[in-house]
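1. sequence unknown, structure follows:
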């Protein structure tokens, strides 16, 4: 089970990844959500995480109602640190940014931003 995200988000992350679980929490955190057995392309869940990930979730949660934890607070900070660790580890393994993005569940641009930050960060901070 996922130790970074709380409650049902951990189970969602196991099915579709941490990034998509957090997207759900950002959209519906703090509310009770019903997972229908079928969705249309305009359904909020499809718009939030895509049809493929929604299909995976519905295989497990169709017909269920779940309380989605809020994304803010401590779980979000732990999640962000986990993403940064996953990106850093994949970079240390010399994986391409495209591969890292797919494995971690973030955009390729996010990988590039983290890579650029790590190059600029010499651990000394800024004088200005």
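-> On my side now, so go ahead. All values reported here derive from a predicted model rather than from experimental measurement.
2. Find the nearest non-adjacent residue to the most centrally placed residue in the chain, please.
-> By C-alpha atoms, centre = their mean, the chain has its centre lying nearest to residue 19, at 1.0 Å. In space, and not counting its chain neighbours, residue 19 is closest to residue 105: 3.4 Å by C-beta to C-beta, 6 or more residues apart in numbering. In this view, the C-beta of every residue, glycine as well, is placed from N, C-alpha and C.
3. how far does the helix-or-strand element of the chain with minimal mean pLDDT sit from the chain's center?
-> In the chain, no helix or strand scores lower on mean pLDDT, DSSP states H and E than helix 73-92, which sits at a mean of 78. With C-alpha atoms, centre = their mean, to the nearest Å as the basis, helix 73-92 stands 10 Å off its chain's centre.
4. which outside residues touch that helix?
-> 4-6, 9, 18-19, 22, 25, 69, 71, 99-100, 103-104, 106, 110-111, 114-115, 118 (C-beta atoms under 8 Å, 6 or more residues apart in numbering).
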